[in-house]
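Novice: Next input, structure requested:
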Amino acid sequence: MGGVSTVDRAERVPKQDRSRATRQRLLEAAVSCLAEHGWAGSTVSVVAERAGVSRGAAQHHFPTREDLFTAAVEYVAEERSTALRALFPEGAAGDRHAVVAALVDLYTGPLFRAALHLWVAASNEDQLRARVTELESRVGRETHRIAVDLLSADESVPGVRETVQGLLDMARGLGLANLLTDDAARRDRVVEQWAGLLEGALGSR
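Specialist: Next up is the predicted model:
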């Protein structure tokens, strides 16, 4: 029996790896489709084809369209949070300009574009609204925590929490503007200004 058990385990591990790889391909394909085609043009079939898997395999992992797209945006949001922390593995070392620029970058890529399409869809889809609201709340809290840590912001000081939240709201606004035109030069000037404002508002570290 011991030999059979070992063989079973050996067969299970590659199958589990394949399942994880399939799931990841589906999530990445879903984000790309949502960013490029919006909610109306992003179906399970379209995503499955892009990911190179069957529709049945896609539905095995994500039974509904809502399951697929909320999981996709959450997955990439977590990846981006991890990447943001990885930019400053030892902390930001006092470079608030670099932190502001990195936070703005979070809102100017395909993740934000995909999330925006999901928000618009959720405003008209009751089943989707609750999921997206809860998802955005969690993503927002995590991003806020990361920003506080990297900026060395003391939220016990009155106004500091609102200052950090204002930074994130500003970054989101720049991301929204970037949907229509690539305004990198203007964005760089805004980042420079905000970094200076933060130095005054947050004080020394």
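Novice: Centre of the chain to the helix or strand in which A77 is found, how far?
Specialist: When elements are assigned from DSSP states H and E, A77 belongs to helix 65-87. Helix 65-87 sits 4 Å away from the centroid of its parent chain (Cα atoms, centre = their mean, to the nearest Å).
Novice: Identify the residues contacting the next helix or strand after it?
Specialist: Next along the chain after helix 65-87, taking DSSP H and E as the criterion, comes helix 96-106. By Cβ atoms under 8 Å, 6 or more residues apart in numbering, the residues outside helix 96-106 that reach it are 80, 84, 87-88, 92, 112, 143, 147, 150-151, 167-168, 171, 174-175, 187, 190-192, 194-195, 198-199, 202. (C-beta placed from N, C-alpha, C; glycine too.)
Novice: Can you check what angle separates the helix or strand following helix 96-106 from helix 65-87?
Specialist: Using DSSP H and E, the helix or strand that directly follows helix 96-106 along the chain is helix 110-124. Using axes from the mean of the first three to the mean of the last three Cα atoms, to 10 degrees, the inter-axis angle of helix 110-124 relative to helix 65-87 is 150 degrees.
Novice: hmm, back to that, any chance of a PyMOL selection covering the buried ones in the contacts of helix 96-106?
Specialist: Applied in PyMOL, the following selects the buried portion of these according to 16 or more other Cβ atoms under 10 Å:
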select buried, resi 80+84+88+92+112+143+147+150+151+167+168+171+174+175+187+190+191+194+195+198+202
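Novice: so of the contacts of helix 96-106, which ones are in helices?
Specialist: Residues of the contacts of helix 96-106 located in helices (DSSP state H): 80, 84, 87, 112, 143, 147, 150-151, 167-168, 171, 174-175, 187, 190-192, 194-195, 198-199, 202.
Novice: re the thing from before, how about the helix holding A77: buried residues?
Specialist: 65-66, 68-77, 80-81, 84.
Novice: center of this structure - which residue?
Specialist: Centroid check for the chain by Cα atoms, centre = their mean gives A77 as the closest residue, at 1.9 Å.
Novice: If I follow the layout properly, it ends up in contact with L111?
Specialist: Yes - contact criterion Cβ atoms under 8 Å: A77 and L111 qualify, at 6.4 Å.
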